[in-house]
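Novice: The sequence and its predicted three-dimensional model are supplied below.
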Amino acid sequence: MSYIYLLFPLSFISFTLCYDPPLKNTIMAHRGIWGYFPEHAIDGFITAYYMGTDYLETDISVTKDGELVIFHDSYLDNVTNVANYKEYEIRRRNDTVDGNLVLNKLFISDFTFEEVLGLFITQRFPYRPQTLNERYKVITLEELIKVTIDLNKKLNKSVGIYIEPKSPEFFNRVLGISINQRIYDLLQKYNLHDRNSENFKYCPIVIQSFEFETIKFFKSVSNLPLIFLMRWTGQYNLTEVAKYADGIGPDLDFIYYERIDDLLSCDGVLYNNVEEFKEKVCMNKRQDPWQILGKKILSQSSNKFIEYVHNLGMVLHPWQMANDQHRISDDYILEYYKLLQLGVDGFFTDFCDSGIFAIKHFKNLIYNFDTNFIKSSNKNVNLK
């Protein structure tokens, strides 16, 4: 018998391990911690980080001079103090964004980064805290990447950034810039474009988009996790989506109405649309369908839409949870618990502290979580 001996030390052998960012039992801090701070405020992101979120969820737009900024809307009017600057009024115009006609707005694509940096952001919703209005400036994606890497290295954590490139067609048409390519180039600069890169664990990246072409682009150039977002008004072929995406981020109504292939379900009966649901299930259109849906969801042990998605091999991250916008129960923590029991893998949430609490404590309740438990422990829930 002959033997082959290795004549060099094992330290010369390098192993590259693929870091798989978590996609189950995950919390995405939606636009920072939007329930308390103006959306995308840097301190909102940092607060969400220290609260324990898994991801900092961001929207990316492009300025006139090509800077990638963290900003949701294609125009500045709703969440900045741009109206205070009368010299900008001449720039108001109309345009089409994501198929919708947008009238008389100050588009971010008509402003340089220096001009955008001169503005302050404000809270979008009047029912949320206004005390932090006009205290924070718009930040860049690169700034958030640097902050996240720095915090993760100092604290030995792997909090990620969950990135949505906004309106690719719009920015390509008005600026001649591919926002997808621009984001990929920035990620490549920091070695975050590849799960196999050593730096990836210090800032895991997930790409999300309502645009299927964006998902296909990133699938072709990277191995990043991809989440396809779904609006209620869209029509989708999830079998095709599953060829490219790791998961979907649907409007919560897909779960509550159990919508599959544009059919809704309630107690095993299929309906063609919400109006038919209201007509036949609610008996008349004036009755709130959420009274029916709340009772249905809270008593379910399984959900057809969630099972359908999982059978296609995808995870499910619905949007978005909010303490001040809960739907099926006055107890917003109960809503998290029920969705977790039904198999939801993670949440976009405006209040990441509530989502983190729910996931942390859900494991202790899962074996006792049934209709009787809900009735006895939550006074605000009426299942009759």
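Specialist: On my side now, so go ahead.
Novice: Show the pLDDT at the residue nearest the centre of the chain.
Specialist: By Cα atoms, centre = their mean, the chain has its centre lying nearest to Phe348, at 4.8 Å. According to the predicted model, the pLDDT of Phe348 comes to 98.
Novice: Look up how far Gly247 lies from it.
Specialist: Separation of Phe348 from Gly247 (Cβ to Cβ, to the nearest Å): 12 Å. Yep, even glycine has a C-beta here, placed from its N, CA and C like the rest.
Novice: circling back: ok, now which ones touch the residue nearest to the centre of the chain?
Specialist: The contact partners of Phe348, taken as Cβ atoms under 8 Å, 6 or more residues apart in numbering, are Met28, His30, Glu57, Gly249, His317, Pro318, Trp319, Gln320, Met321.
Novice: so Thr148 makes contact with Ile163?
Specialist: No: using Cβ atoms under 8 Å, Thr148 is not in contact with Ile163, being 11.4 Å away.
Novice: quick one: the helices in the protein?
Specialist: For the chain, helices defined by DSSP state H occupy the ranges 42-51, 113-117, 141-155, 168-175, 179-189, 212-221, 238-241, 253-256, 274-280, 289-299, 304-311, 332-342, 352-365, 371-377.
Novice: Need those helices in CSV (columns: distance to Leu76 and mean neighbour count).
Specialist: What follows is the helices of the chain, written out as CSV (distance: least, Cβ to Cβ, whole Å; neighbours: other Cβ atoms under 10 Å):
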stretch, distance to Leu76, mean neighbour count
helix 42-51, 18, 20
helix 113-117, 7, 17
helix 141-155, 17, 17
helix 168-175, 14, 18
helix 179-189, 17, 18
helix 212-221, 23, 17
helix 238-241, 33, 14
helix 253-256, 30, 22
helix 274-280, 34, 14
helix 289-299, 34, 18
helix 304-311, 36, 18
helix 332-342, 31, 21
helix 352-365, 26, 18
helix 371-377, 44, 13
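Novice: Pick out the shakiest of those, pLDDT-wise.
Specialist: Among the helices of the chain, helix 371-377 scores lowest, at a mean of 39.
Novice: quick revisit: looking at the helices of the chain, spot the one closest to Arg128.
Specialist: Of all the helices of the chain, it is helix 42-51 that lies closest to Arg128, at 11.6 Å by Cβ to Cβ.
Novice: ok, back up a step: could I get the contacts of Phe348 as JSON lines with pLDDT and distance to Val274?
Specialist: Shown next, in JSON lines, are those (pLDDT from 0 to 100; distance: Cβ to Cβ, whole Å):
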{"residue": "Met28", "pLDDT": "98", "distance to Val274": "27"}
{"residue": "His30", "pLDDT": "98", "distance to Val274": "25"}
{"residue": "Glu57", "pLDDT": "98", "distance to Val274": "27"}
{"residue": "Gly249", "pLDDT": "98", "distance to Val274": "21"}
{"residue": "His317", "pLDDT": "98", "distance to Val274": "23"}
{"residue": "Pro318", "pLDDT": "97", "distance to Val274": "17"}
{"residue": "Trp319", "pLDDT": "96", "distance to Val274": "19"}
{"residue": "Gln320", "pLDDT": "93", "distance to Val274": "20"}
{"residue": "Met321", "pLDDT": "95", "distance to Val274": "21"}
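Novice: quick one: which of the residues you listed sit in strands?
Specialist: The members of the contacts of Phe348 that map onto strands under DSSP state E are Met28, His30, Glu57, Gly249.
Novice: quick one on the thing from earlier: pick the one among the contacts of Phe348 closest to Pro289.
Specialist: Distances from Pro289 to the contacts of Phe348, taken by Cβ to Cβ, are shortest for Pro318, at 17.8 Å.
Novice: OK, contacts around the nearest residue to that closest one once chain neighbours are set aside?
Specialist: Distance criterion Cβ to Cβ, 6 or more residues apart in numbering; nearest residue to Pro318, sequence neighbours excluded, is Leu252 at 4.8 Å. Contact analysis of Leu252 by Cβ under 8 Å, 6+ apart lists Pro318, Trp319, Gln320, Met321, Arg327.
Novice: So which of those residues wins on neighbours?
Specialist: Ranked by the number of neighbours (other Cβ atoms under 10 Å), those place Met321 first, at 27 neighbours.
Novice: bridging residues for that residue?
Specialist: Taking DSSP bridges as the rule, Met321 bridges to Thr349.
Novice: so how far is Phe125 from it?
Specialist: According to Cβ to Cβ, Met321 stands 15 Å off from Phe125.
Novice: Now do the residue nearest to Tyr190 when sequence neighbours are not counted against Pro38, distance only.
Specialist: Once flanking residues are discounted, Tyr190 sits nearest to Ile145: 5.7 Å by Cβ to Cβ, 6+ apart. Going from Ile145 to Pro38 by Cβ to Cβ gives 21 Å.
Novice: got it, and Ile356?
Specialist: As defined by Cβ to Cβ, Ile356 lies at a distance of 21 Å from Pro38.
Novice: How about Gly52?
Specialist: 21 Å.
Novice: Name the residue in those two with the higher neighbour count.
Specialist: Neighbour tally, Gly52 and Pro38, criterion other Cβ under 10 Å: the higher count belongs to Pro38, 26 against 17.
Novice: Spit out the contact partners of that one.
Specialist: Taking Cβ under 8 Å, 6+ apart as the criterion, Pro38 is in contact with Gly44, Val79, Ile121, Thr122, Gln123, Arg124, Leu132, Asn133, Tyr136.
Novice: hang on, the earlier thing: phi first, then psi, for the residue nearest to Pro318.
Specialist: phi -50, psi -30 (degrees, to the nearest 10).
Novice: Ok, Asn323 next?
Specialist: The phi/psi pair for Asn323 (degrees, to the nearest 10) is phi -60, psi -30.
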